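A.B. asks: quick one, structure for this:
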Amino acid sequence: MAMINNDKEALTHALILGITAPSDEALEKVMSIAQEISDRLSDEEIEQCKKEAIAWIDMQEMKKRDEEQSTIH
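C.D. replies: Sure, this is the predicted structure:
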């Protein structure tokens, strides 16, 4: 597991957890934490965290598709 070193990394991880949350209850908990963290960041930093979270999720989805295709062939 990656070590979280600052608020930007914490927010990025919280956003990833929120996007992939298995339930509304889990989403609410994570987003509450994300809100607390984002209160300490600038708008620009928040936008960067959003982009990084989306990029990470996109990369995971691409890996999953590649793995599924490799098992088909």
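A.B. asks: leaving out sequence neighbours, find the closest residue to the residue nearest to the spatial centre of the chain.
C.D. replies: Nearest to the geometric centre of the chain sits Ile16, at 1.6 Å (Cα atoms, centre = their mean). Leaving aside its sequence neighbours, Ile16 sits nearest to Ala53 (Cβ to Cβ, 6 or more residues apart in numbering; 4.8 Å). Glycine gets a C-beta too; all of them are placed from N, C-alpha and C.
A.B. asks: so the one you found is in which element?
C.D. replies: helix 43-72 (DSSP states H and E).
A.B. asks: any buried residues in that helix, and which?
C.D. replies: Neighbour counts over helix 43-72 (16 or more other Cβ atoms under 10 Å) mark Glu45, Ile46, Cys49, Glu52, Ala53, Trp56 as buried.
A.B. asks: pLDDT weak spots in this structure?
C.D. replies: 1, 72-73 (pLDDT under 70).
A.B. asks: rewinding a little: and the helix holding Ala53, how far out from the chain's middle?
C.D. replies: Relative to its chain's centre, helix 43-72 lies at 9 Å (Cα atoms, centre = their mean, to the nearest Å).
A.B. asks: got it, and stretch 6-19?
C.D. replies: Distance, centroid of stretch 6-19 to centroid of chain: 5 Å (Cα atoms, centre = their mean).
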